[in-house]
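Novice: coords please:
(one chain, ligands or ions: 1)
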Amino acid sequence: MALKVWGYCLVLGLSATTSGNAQELRDQYHQAPRDTVAQEVYDGWKQYNLNCARCHGEDVQGTTIAPHLIVSLKPEGTIKTKELFIQTVCDGRPARGMPAWCPLGMEIPTIQKIYAYVKGRSEAKLGPGRPALKPGP
Ligand code: HEC
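Specialist: Presented below is the predicted three-dimensional model:
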């Protein structure tokens, strides 16, 4: 009887240890994804964070050196349409610190993907952090 109870405690103890480790592995760089998105938005998230985040903020959270794009893309913001977004990113405003991305080799479909992601953030359809890719076509 005593042995049986002890064995039970051991099993409980083991499972507690295992979940504890999983918790530790999930540090701030490995958060569970909150949103599941289509390929276009996923690519946009990646391209945005590779190219734009250093000035406009990781996950479009804003910085003190460039406009907050969540605000710019709102209906009452400065960048109201997809066309204006694409044109602004392609041509940039080099004199004011915004690089011209087309001459740097960025293609329009990539800018469209970035738009899909940033617009989703602006409309609060997407949270911060790495999204998960929706499986399928
Ligand atoms: C080197 C820093 C830097 C990088 C990198 C950068 N931007 Fe900018 N961006 C700026 C600055 C500074 C401005 C504001 C220019 C001005 O004062 O008119 C700006 C303006 C903009 C605007 C216009 C916002 C508004 O409200 O008028 C958009 C849209 C934009 N950036 C998108 C992007 C995208 C998309 C990327 C990545 C492909 C990107 N930017 C990368 C610095 C940067």
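Novice: all contacts plus neighbour counts: C-alpha atoms, from now on.
Specialist: OK.
Novice: need the helices for this protein, in chain order.
Specialist: With helices called from DSSP state H, the chain shows them at 2-25, 39-51, 53-56, 69-72, 82-91, 108-122.
Novice: The residue nearest to His68 when sequence neighbours are not counted: how many residues sit nearby?
Specialist: Distances taken as C-alpha to C-alpha, 6 or more residues apart in numbering place Gly62 nearest to His68, at 4.7 Å, with adjacent residues excluded. Neighbour count for Gly62, taken as other C-alpha atoms under 10 Å: 18.
Novice: and if you look at Ile70?
Specialist: Residues near Ile70, counting by other C-alpha under 10 Å: 20.
Novice: what about the residue nearest to Arg34 when sequence neighbours are not counted, distance to the ligand?
Specialist: Excluding its sequence neighbours, the residue lying closest to Arg34 (C-alpha to C-alpha, 6+ apart) is Pro131, at 6.2 Å. Per C-alpha to the nearest ligand atom, to the nearest Å, Pro131 is found 18 Å from the ligand.
Novice: Please apply the same query to Pro103.
Specialist: 12 Å.
Novice: and this structure, which of its residues are near the ligand?
Specialist: Proximity of the chain to the ligand, by C-alpha under 6 Å from any ligand atom, involves residues 48, 51-52, 54-55, 65-67, 72, 78-79, 85, 88-89, 93, 96-99.
Novice: Now Tyr42: closest residue in space that isn't a chain neighbour?
Specialist: Leu133 (6.3 Å).
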